[in-house]
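Chemist: Output the structure for:
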Amino acid sequence: MELDARPARTRLVLVPHAVEWRQSSNTGRIAALALEGAEVAVWGRRDAPLAAESLAGDASERTVLLFPTDGAPPLAPLDARPVRLLVPDGTWRQARRIARKLAALPGVERARVDASAPRSLRKAPSGDRLGTGEAIAAALEALGEAEAGAHVRDRVRRMVDRWLYARGRLDGSSVHGGLPAGPAPR
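Modeler: Below you'll find the predicted structure:
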């Protein structure tokens, strides 16, 4: 799958849990690869401790934590400053812990997106919860970056559908973007 990175005004900072980062089903990784300038700060790596304070950015940009907590408003452009989008990634439990730590940083706003995913790899705790890649695509669209959001969504959907197909959970004719040439998996 081609992962040509596209420019975006929004600066993605993906904060995956160390265990999640190694998963083949990680859609956050696909989203980060699809955007120019995306950063990855792996949470919980013993060999590279993360200074969470460095994730907050500075006053020249709006730092927004994307996580669907109670009371988090829908994400929307508020001013002309570029957005630094902090996105925790992991199981729901891991991501909730990361989000709690990131929300405590000075100047970090909380936000959520309202959307639904067509297919996902994991069972969400409720129907309004998205996988990381889909949430990033919806966030970009909510911030007025329709082209970047569509690019991320396309790349994530291709990965999810191919993953489901390889595990026998999706028919080949239903795979978004088709299947690559070559022998079919056994």
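Chemist: Only C-alpha atoms from now on, for both contacts and neighbour counts.
Modeler: OK.
Chemist: Any stretches of this protein with poor pLDDT?
Modeler: 1-3, 45-54, 56, 117-128, 183-186 (pLDDT under 70).
Chemist: and the nearest residue to residue 147 once chain neighbours are set aside, what element?
Modeler: What sits nearest to residue 147 in space, not counting adjacent residues and going by Cα to Cα, 6 or more residues apart in numbering, is residue 141, at 7.9 Å. Per DSSP states H and E, residue 141 falls inside helix 132-142.
Chemist: Same question for residue 86.
Modeler: Per DSSP H and E: strand 83-89 holds residue 86.
Chemist: picking up where we left off before, the residue nearest to residue 147 contacts residue 149, doesn't it?
Modeler: Yes - in this structure, residue 141 is within contact of residue 149 by Cα atoms under 8 Å, at 5.2 Å.
Chemist: Tell me which of the two has more neighbours.
Modeler: Using other Cα atoms under 10 Å as the criterion, residue 141 and residue 149 rank with residue 149 on top: 26 against 18.
Chemist: Pretty sure that one sits in a helix.
Modeler: Yes - applying DSSP: H, G, I helix; E, B strand; the rest coil, one finds residue 149 inside a helix.
Chemist: if we can go back for a sec, contact partners for the residue nearest to residue 147?
Modeler: Contacts for residue 141 (Cα atoms under 8 Å, 6 or more residues apart in numbering) come out as 147, 148, 149, 150.
Chemist: Once you drop chain neighbours, what's closest to residue 157?
Modeler: Nearest one to residue 157, counting by Cα to Cα, 6+ apart, is residue 176 at 6.4 Å.
Chemist: In this protein, what residue spans correspond to strands?
Modeler: 11-16, 39-40, 62-66, 83-89, 108-111 (DSSP state E).
Chemist: No more questions from me, cheers.
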